[in-house]
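**Q** predicted model and sequence below, questions to follow.
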Amino acid sequence: MEYSQSQDKACWTREMLNTFCDICIKAIEKGMRPNTNFDKAGWKYVMNCFKERTGHALTKAQLKNRWDGIKKGLENMKKIDFQYGSRLEY
């Protein structure tokens, strides 16, 4: 894991992203996302599991930035799908 000079932005590897997604899916299945984001207990669960599985202690802000980026990417894919009529599976 590398950080930028300010150490505010995490550089994610594919393995870290896959781990993060797996953890988020489990948190959602446990009901820790009452709306579009995790509740306080959900973020704590995600942070602890991520540190435990990867050895990297990222902040809630860093994890939430990744969460928001993933959601935005999915929204863009859906727009492209609608606009061009392709049949992508999500």
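**A** Happy to help now that I have it. Numbers count the residues shown, from 1 in each chain.
**Q** which parts of the longest helix anywhere in the chain are buried?
**A** Across the chain, the longest stretch assigned as helix under DSSP state H is helix 60-84. By neighbour count on 16 or more other Cβ atoms under 10 Å, the buried set for helix 60-84 is 62-63, 66-67. Backbone N, C-alpha and C define where each C-beta goes, glycine included.
**Q** check stretch 38-49 too.
**A** 38, 42-43, 45-47, 49.
**Q** dump the residues you listed into CSV; add distance to residue 25, secondary structure and pLDDT as well.
**A** Listed next are the buried residues of stretch 38-49 as CSV, based on distance: Cβ to Cβ, whole Å; DSSP: H, G, I helix; E, B strand; the rest coil; pLDDT from 0 to 100:
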residue, distance to residue 25, secondary structure, pLDDT
38, 12, coil, 94
42, 12, helix, 96
43, 15, helix, 96
45, 12, helix, 97
46, 11, helix, 97
47, 16, helix, 97
49, 11, helix, 98
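**Q** now distance to residue 15 too, for the residues you listed, in a markdown table please.
**A** Below are the buried residues of stretch 38-49 laid out as a markdown table (distance: Cβ to Cβ, whole Å):
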| residue | distance to residue 15 |
| --- | --- |
| 38 | 22 |
| 42 | 22 |
| 43 | 21 |
| 45 | 20 |
| 46 | 16 |
| 47 | 18 |
| 49 | 15 |
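**Q** pLDDT weak spots in this protein?
**A** 1-8, 82-90 (pLDDT under 70).
**Q** and the residue nearest the centre of it?
**A** Residue closest to the average C-alpha location in the chain (Cα atoms, centre = their mean): residue 67, at 3.3 Å.
**Q** and that one, what does it touch?
**A** 24, 37-38 (Cβ atoms under 8 Å, 6 or more residues apart in numbering).
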